[in-house]
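S.K.: structure of the sequence below:
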Amino acid sequence: MPRSSAADASTWSNWAGNQHSATTAVLRPTTIAEVVEQVRSAAEAGARIRPVGSGHSFTPVAVGDGSRMDLAELAIDVRVDIDRRLVTVPAGMTLRQLNSLLADHQLALPNLGDIDAQTVAGAISTGTHGTGAGYGGLATFVAALTLVTGTGEVLHCSAEEHPEVFDAARISLGALGVLVEVTLRCVEAFVLRAHERPAALDTVLADLPDLVGSHDHVEFFWFPYSRRVQLKVNDRVPAHDRPLPRWRGWLDDDFLANTVFAGACRLGRAVPALAPTISALSARALSERVYTGRSDAVFCSPRRVRFVEMEYALPREALPEALHALRRIIDRLPFRVLFPVEVRFTAADDIWLSHSYGRDSAYVALHQYLGMPYEPYFRAFEQVATELGGRPHWGKLHWREADSLAEAYPRWQDFHRIRTHLDPHHLFTTPYLSALLG
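M.R.: Here you go, the predicted structure:
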């Protein structure tokens, strides 16, 4: 029988601690058949189900008002096709587990973001991405998926089988059904050469077309109240011949970027006037370093300092104007910003609700330390980004709703047509999704 629990139904919050939910029960299916049974039972009762991953979204996208479904115990046979470079995994597997599995088979995902705690389903459903002008987000690596719809039907989808559902379901915010199984296209395991260095913002912006075009993966962090950035460039190389010394990795990634930075943020929250000084010191704390490593180890970094975040995907050519406006916004705020601004790049894709649908994008991510005011900051930039044709990241804070978003996504009505067909009883909707999607 399907497992459920009411005892712990009221105790869920996301990683940042800014979203909470109380649900009627927690469903923990162990087989696809149990998922089907639970979905059909909910449909018959007129109830709702919200699948939940590891809670790394900042929006209420995982907050529901019915039963919560946890897929961590879902038993799906892992299948690795080395010749075709395909791997099929349970949707509740975390990216960290997936990266380890792929490494054991000398495979890797072509690109990753900097956090590996998300589940596969959560990461692709919200449009998680890394950086690289020639690479789309994680959902573009999906070759096939299995979805349990709102009527309890099990659909196997790919470019050849139910192709429209496939185009809609790769990024769906969990609104079309329960993702239970995902097949991903992989590449041979590869080594990255990382070059990280401080630089001047104006120099980076002037050189940006060449930087983005001539390197595999480029991103930078701009430190507010300064003209400095931390530039990160990753390129594929044939040999792992320059490993990062263990002491240097601990110093930069654990001590400075987490322990010291956490202390600096606490100080800045207590004494906001120190924020510009803290930002200037942070801009110079991490010195230049060059090293090689296994791809996922270079892409992913520990993130232990809690924050809230908003991120917008912009047409790539709009980035300079957006950053110019952002500097003015920060200078005029009645409070201080303690976190740097992150800028990344992705290639255009054809996924209906992808932030990069139909265009090459530049992503601008705003962060603020927990406990600090953020809404006026985020809202002011959202207005700028919206006017520039920006699309908000589905897993990051924003205030856009259906009427506004429909103008930003050419396939918006097609998504709704598929949604109505797959979930006619609104089994997977939530108050948040009702406002967001309509």
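
S.K.: distance between stretch 262-275 and the chain's centre?
M.R.: How far stretch 262-275 lies from its chain's middle: 27 Å, per CA atoms, centre = their mean, to the nearest Å.

S.K.: list the buried residues for that stretch?
M.R.: 264-265, 268-269, 272, 274-275 (16 or more other CB atoms under 10 Å). No exception for glycine: its C-beta is placed from N, CA and C like everyone else's.

S.K.: can you put the residues you listed in JSON lines and add distance to Leu155?
M.R.: Putting the buried residues of stretch 262-275 into JSON lines (distance: CB to CB, whole Å) gives the following:
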{"residue": "Ala264", "distance to Leu155": "49"}
{"residue": "Cys265", "distance to Leu155": "45"}
{"residue": "Gly268", "distance to Leu155": "49"}
{"residue": "Arg269", "distance to Leu155": "48"}
{"residue": "Pro272", "distance to Leu155": "52"}
{"residue": "Leu274", "distance to Leu155": "55"}
{"residue": "Ala275", "distance to Leu155": "50"}
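
S.K.: quick one: which of those residues is nearest to His324?
M.R.: For those, the residue nearest His324 by CB to CB is Ala275; the value is 20.7 Å.

S.K.: and for the helix or strand where that closest one lies, what's in contact with it?
M.R.: Using DSSP states H and E, Ala275 sits in helix 275-285. Helix 275-285 has contacts (CB atoms under 8 Å, 6 or more residues apart in numbering) with 198, 223-226, 228-230, 256, 260-261, 264-265, 267-268, 336-338, 340.

S.K.: try stretch 153-164
M.R.: Taking CB under 8 Å, 6+ apart as the criterion, the residues outside stretch 153-164 that touch it are 32, 36, 143-149, 165-166, 169, 177, 183, 414, 418, 422.

S.K.: just stretch 348-363 next, same as before
M.R.: 127, 129, 131, 133, 136-137, 139-140, 167-168, 170-173, 311-316, 318-319, 322, 342-347, 391-394, 409-412, 414-415.

S.K.: list the buried residues for that stretch?
M.R.: Using 16+ other CB under 10 Å as the test for burial, stretch 348-363 gives 349, 351-357, 359-363.

S.K.: and if you look at stretch 66-78?
M.R.: Under the neighbour-count criterion of 16+ other CB under 10 Å, stretch 66-78 has 66-71, 74, 76 buried.

S.K.: and for stretch 328-346?
M.R.: Across stretch 328-346, burial judged by 16+ other CB under 10 Å covers 329-330, 336-346.

S.K.: repeat for stretch 104-123
M.R.: So for stretch 104-123, counting by 16+ other CB under 10 Å, buried means 107-123.

S.K.: wait, Phe428 sits on Ile49?
M.R.: Yes. Proximity of Phe428 to Ile49 meets the contact threshold set by CB atoms under 8 Å, at 6.4 Å.

S.K.: buried subset of the contacts of stretch 348-363 as a PyMOL selection?
M.R.: Of the contacts of stretch 348-363, the buried ones go into a single PyMOL selection, burial set by 16+ other CB under 10 Å:
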select buried, resi 127+129+131+133+136+137+139+140+167+168+170+171+172+173+311+312+313+314+315+316+318+319+322+342+343+344+345+346+347+391+392+393+394+409+411+412+415
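
S.K.: out of the buried residues of stretch 348-363, which is nearest to Val384?
M.R.: Val384 lies nearest to Ala362 out of the buried residues of stretch 348-363, by CB to CB, at 13.4 Å.

S.K.: mind checking the SS state of the closest one?
M.R.: strand (DSSP: H, G, I helix; E, B strand; the rest coil).

S.K.: just the helices in the stretch 201-350 of the chain please.
M.R.: For the stretch 201-350 of the chain, applying DSSP state H, counting those that start in this stretch gives helices covering 201-214, 246-249, 261-270, 275-285, 295-299, 319-332.

S.K.: pick the most deeply packed of these.
M.R.: Scoring these by mean neighbour count under mean count of other CB atoms under 10 Å gives helix 295-299 as the most buried, with a mean of 21.

S.K.: alpha carbons of that helix, as PDB, please.
M.R.: Output of helix 295-299 as PDB, limited to C-alpha atoms (Å, rounded to 0.1, in the frame of the first residue of the first chain):
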ATOM      1  CA  SER A 295      33.700  18.900 -14.100                       C
ATOM      2  CA  ASP A 296      31.100  18.700 -11.400                       C
ATOM      3  CA  ALA A 297      33.600  19.400  -8.700                       C
ATOM      4  CA  VAL A 298      34.500  22.700 -10.500                       C
ATOM      5  CA  PHE A 299      31.000  23.700 -11.300                       C
END
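
S.K.: what mean pLDDT does it get?
M.R.: Summarised as a single mean, pLDDT over helix 295-299 is 97.

S.K.: which strands and helices lie in contact with it?
M.R.: helix 95-104, strand 191-200 (3 or more CB pairs under 8 Å, 6 or more residues apart in numbering; DSSP states H and E).

S.K.: re the thing from before, need the buried residues of stretch 348-363 in a markdown table (columns: distance to Val305 and pLDDT).
M.R.: As requested, the buried residues of stretch 348-363 are exported to a markdown table (distance: CB to CB, whole Å; pLDDT from 0 to 100):
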| residue | distance to Val305 | pLDDT |
| --- | --- | --- |
| Asp349 | 31 | 97 |
| Ile351 | 31 | 98 |
| Trp352 | 34 | 98 |
| Leu353 | 30 | 98 |
| Ser354 | 29 | 98 |
| His355 | 25 | 97 |
| Ser356 | 28 | 97 |
| Tyr357 | 32 | 98 |
| Arg359 | 32 | 97 |
| Asp360 | 31 | 98 |
| Ser361 | 26 | 98 |
| Ala362 | 25 | 98 |
| Tyr363 | 20 | 98 |
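
S.K.: need the max-distance pair from those.
M.R.: Taking CB to CB as the measure, these span a maximum distance of 20.8 Å, between Trp352 and Ala362.

S.K.: now do the contacts for Arg391.
M.R.: Arg391 neighbours (CB under 8 Å, 6+ apart): 312-313, 355, 405, 408-409.

S.K.: tell me which residues form a beta bridge with it?
M.R.: Ala313 (DSSP bridges).

S.K.: what pLDDT does the residue nearest the centre of the chain get?
M.R.: Geometric centre of the chain, nearest residue: Thr128, 3.0 Å, by CA atoms, centre = their mean. Note on Thr128: pLDDT of 97.
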